[in-house]
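In: give me a model of this one.
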Amino acid sequence: MTDLQLLAIMGDMREIRFHGRGGQGAVTAAYILVRAALEEGMWGQAIPSFGAERRGAHVRAYARIAPKPLPLHSAVKNPHIVVVLDPHLLKENVFEGVRRECIAVVNAGENNGVKAPRTCTVYRVDATRIARELGLVVAGWPVVNTAMLGAFARATGIVSIDAIVAAIKSYWASKPRVGELNARAAQIAYDRAVRVV
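Out: Take a look at the predicted model:
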């Protein structure tokens, strides 16, 4: 592949970095997002990153989405989009390396101020509240990943909410009730996500 061909693909490619805590489903969110992209005829890669594999530890996961096959197989260093599943992680540098015109999708209530780079567009949704409303709680932890995917669809338009819902149901095909609840979380978050910056 020539440098020009690579640049043409990379121009349409979007790189996403998920920040969450162990148990919130950041890695699963990356896989479901790629599945949604495939539903819409795009290409994608989900890239897990495992450090301290324990509940509550800071977890990162990555995804790439493009309209053409992806020749890259490296880590995501400069994401176009960051998705923050735990608002407490905003105290860490979740915006490190983001591209100048970035989008942030953040799990935060109305009272949580989000400090992002000035050139970054920020969307907020209270995914924790949605997870609690629907009973999506495992071992006392609200599982917010699917709600955040709904907010992602609203904020970016890269994939539709219909593709997100279909990918969620497909992921939990062997557990239809779980799939339905998670799909509902995504739809509610899609409807509630608001642009704050």
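In: which one is Val194 nearest to, not counting chain neighbours?
Out: Excluding its sequence neighbours, the residue lying closest to Val194 (C-beta to C-beta, 6 or more residues apart in numbering) is Arg124, at 5.9 Å. No exception for glycine: its C-beta is placed from N, CA and C like everyone else's.
In: can you confirm that neighbour is in a helix?
Out: No - counting by DSSP: H, G, I helix; E, B strand; the rest coil, Arg124 is not part of a helix but strand.
In: how far away is it from Ala189?
Out: Shown here: Arg124 relative to Ala189, a distance of 10 Å by C-beta to C-beta, to the nearest Å.
In: and those two? Which one has more around it.
Out: Taking other C-beta atoms under 10 Å, Arg124 and Ala189 do not tie; Ala189 has more neighbours (29 against 25).
In: buried ones in the longest helix anywhere in the chain?
Out: In the chain, taking DSSP state H as the definition, the longest helix is helix 176-192. Going by neighbour count (16 or more other C-beta atoms under 10 Å), the buried part of helix 176-192 is 178-179, 181-190, 192.
In: just the residues you listed now: which is nearest Met148?
Out: Ala189 (6.8 Å; C-beta to C-beta).
In: name the SS class of Ala75, please.
Out: Look at Ala75: counting by three-state DSSP, its state is coil.
In: nearest residue to Glu110 in space, please, no chain neighbours.
Out: Asp126 (7.5 Å).
In: any weak-confidence spans in this protein?
Out: 1-11, 50-56, 111-112 (pLDDT under 70).
In: show me the strands in it, by range?
Out: 14-21, 43-49, 58-66, 81-84, 103-107, 121-125, 137-138, 141-142, 194-195 (DSSP state E).
In: who are the contact partners of the residue nearest to Asn182 when sequence neighbours are not counted?
Out: Of all residues not flanking Asn182 in the chain, Thr146 sits nearest, at 4.0 Å (C-beta to C-beta, 6+ apart). Shown in contact with Thr146 (C-beta atoms under 8 Å, 6 or more residues apart in numbering): 25, 29, 32, 136, 168, 182-183, 185-186, 189.
In: now with 6 Å?
Out: 168, 182, 185-186 (C-beta atoms under 6 Å, 6 or more residues apart in numbering).
In: and those residues, which two are the farthest apart?
Out: Ile168 and Ala185 (8.5 Å).
In: how much space separates the closest residue to Ala66 other than its chain neighbours from Val137?
Out: Once flanking residues are discounted, Ala66 sits nearest to Met13: 3.9 Å by C-beta to C-beta, 6+ apart. Counting by C-beta to C-beta, the gap from Met13 to Val137 is 35 Å.
In: rewinding a little: mind giving me the packing neighbours of the longest helix of the chain?
Out: Applying 3 or more C-beta pairs under 6 Å, 6 or more residues apart in numbering; DSSP states H and E, one finds that helix 176-192 makes contact with helix 127-134, helix 145-156, helix 161-171.
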